[in-house]
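# structure for the following, please:
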Amino acid sequence: MAFARRSASETKARDLGLALARLAEGDGTPSAIGVDRLKAVNPRLTPQAVGLMIRKERAIVEETLSERGLVLADYSDQGPGRGMEFAIDAAS
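Numbers count the residues shown, from 1 in each chain. A predicted model of the protein is given here:
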């Protein structure tokens, strides 16, 4: 398999997917993960970056989760200062 170049946003989207997968695997599924926990796992995943990755690169995040047998069941963003939350579940 040839090496494929990725943009910075694609790399960060993959990082987001891997962080979600690690947290969900540690908690067990179904799992609810807040943006504060993501930032603790990977400081590059700020709330602004997470929101951008979900809006622009959601397919990469979902693909990364599916490689680990997981699925993004739900994503909610209550707006600035109120937080974001991801619901991760096992793929059926």
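
# send me stretch 4-11 as CSV with only the CA atoms.
What follows is stretch 4-11, C-alpha atoms only, in CSV (Å, rounded to 0.1, in the frame of the first residue of the first chain):
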residue,chain,number,x,y,z
ALA,A,4,-0.8,8.8,1.0
ARG,A,5,-0.2,12.4,2.0
ARG,A,6,-2.7,13.9,4.3
SER,A,7,-3.5,17.5,5.1
ALA,A,8,-3.2,18.8,8.6
SER,A,9,-7.0,18.7,9.0
GLU,A,10,-7.1,15.1,7.9
THR,A,11,-4.4,14.2,10.4
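
# so how far is it from its chain's centroid?
Relative to its chain's centre, stretch 4-11 lies at 15 Å (CA atoms, centre = their mean, to the nearest Å).

# residues in contact with that stretch?
Stretch 4-11 is contacted from outside by 14, 52, 53, 56, 57, 60, using CB atoms under 8 Å, 6 or more residues apart in numbering. Where you see a C-beta, it was placed from the backbone N, CA and C, and this is true even at glycine.

# repeat that with 7 Å
Contacts with stretch 4-11, where a contact means CB atoms under 7 Å, 6 or more residues apart in numbering, come from 53, 56, 57, 60.

# quick one: the helices in this structure?
8-27, 35-41, 47-56, 58-67 (DSSP state H).

# could I get those helices as a markdown table with distance to residue 83 and mean neighbour count?
Below are the helices of the chain laid out as a markdown table (distance: least, CB to CB, whole Å; neighbours: other CB atoms under 10 Å):
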| stretch | distance to residue 83 | mean neighbour count |
| --- | --- | --- |
| helix 8-27 | 15 | 18 |
| helix 35-41 | 6 | 16 |
| helix 47-56 | 8 | 16 |
| helix 58-67 | 18 | 17 |
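
# can you list those helices in TSV and add mean pLDDT and distance to residue 86?
Shown next, in TSV, are the helices of the chain (pLDDT from 0 to 100; distance: least, CB to CB, whole Å):
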stretch	mean pLDDT	distance to residue 86
helix 8-27	89	6
helix 35-41	85	8
helix 47-56	85	9
helix 58-67	92	9
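
# thank you, goodbye.
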